[in-house]
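Trainee: with the sequence up front, the predicted model follows.
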Amino acid sequence: QVQLKESGGGLVQTGGSLRLSCAVSGRSFSVYSMGWFRQPLGKERQFVGAIDWTGERTYYTDSVKGRFTISRDNDQNMAYLQMNNLEPEDTAVYYCAANTAANGPYYTSVANYALWGQGTLVTVSS
């Protein structure tokens with residue numbers, strides 16, 4: 001059974017950086033598309049960014065473009081979300097997600113992802 005586990009969340013000041021990691025169990029990670037989402041307290045889950053199975057194509061929501069970067073290491077079964085110049089509005093629980101259809105593009109909708117991690121809290125203080 002494939003499992004996802006995020007790590008790297010924490011408390012950071014405005015303008016700071018964090019790197020979130022997503023460890024994926026199983027042997028087929030290299031063909032999965034991966035996404036990062038976030039859910040502020042009391043709000044719906046929001047798309048942050050996604051990466052296709054090759055790692056060559058990424059896509060971000062407008063509010064994080066130029067600040068966040070998604071990458072993956074298919075040899076280590078890891079996906080990453082590098083977050084720079086953090087703002088209080090970035091405070092949320094962050095989730096990684098996997099679309100297990102082989103060799104797919106990136107996806108931006110919650111509905112496209114069947115597998116989710118438990119989330120990691122990112123708090124940005126002003």
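Mentor: Happy to help now that I have it.
Trainee: contacts, neighbours, all on C-alpha from now
Mentor: OK.
Trainee: so Leu81 sits in a helix?
Mentor: No. Assessed with DSSP: H, G, I helix; E, B strand; the rest coil, Leu81 is strand; it does not lie in a helix.
Trainee: what about the strands in this structure?
Mentor: 4-7, 10-13, 18-24, 33-39, 46-51, 58-60, 68-73, 78-83, 92-99, 115-116, 120-125 (DSSP state E).
Trainee: any idea which of the ones you listed gets closest to Pro105?
Mentor: With C-alpha to C-alpha, the closest approach to Pro105 among the strands of the chain belongs to strand 33-39: 6.4 Å.
Trainee: got the angle for that closest one vs strand 46-51?
Mentor: Compare the direction of strand 33-39 with that of strand 46-51 by axes from the mean of the first three to the mean of the last three C-alpha atoms, to 10 degrees and you get 160 degrees.
Trainee: pull up the pairing partners for strand 33-39, direction included.
Mentor: strand 46-51 (antiparallel), strand 92-99 (antiparallel) (DSSP bridges).
Trainee: circling back: in JSON lines, list the strands of the chain along with distance to Pro105, mean pLDDT and mean neighbour count.
Mentor: As requested, the strands of the chain are exported to JSON lines (distance: least, C-alpha to C-alpha, whole Å; pLDDT from 0 to 100; neighbours: other C-alpha atoms under 10 Å):
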{"stretch": "strand 4-7", "distance to Pro105": "19", "mean pLDDT": "98", "mean neighbour count": "20"}
{"stretch": "strand 10-13", "distance to Pro105": "30", "mean pLDDT": "98", "mean neighbour count": "15"}
{"stretch": "strand 18-24", "distance to Pro105": "18", "mean pLDDT": "98", "mean neighbour count": "21"}
{"stretch": "strand 33-39", "distance to Pro105": "6", "mean pLDDT": "97", "mean neighbour count": "26"}
{"stretch": "strand 46-51", "distance to Pro105": "8", "mean pLDDT": "97", "mean neighbour count": "24"}
{"stretch": "strand 58-60", "distance to Pro105": "9", "mean pLDDT": "97", "mean neighbour count": "19"}
{"stretch": "strand 68-73", "distance to Pro105": "14", "mean pLDDT": "97", "mean neighbour count": "20"}
{"stretch": "strand 78-83", "distance to Pro105": "15", "mean pLDDT": "98", "mean neighbour count": "21"}
{"stretch": "strand 92-99", "distance to Pro105": "9", "mean pLDDT": "97", "mean neighbour count": "26"}
{"stretch": "strand 115-116", "distance to Pro105": "16", "mean pLDDT": "96", "mean neighbour count": "18"}
{"stretch": "strand 120-125", "distance to Pro105": "25", "mean pLDDT": "98", "mean neighbour count": "20"}
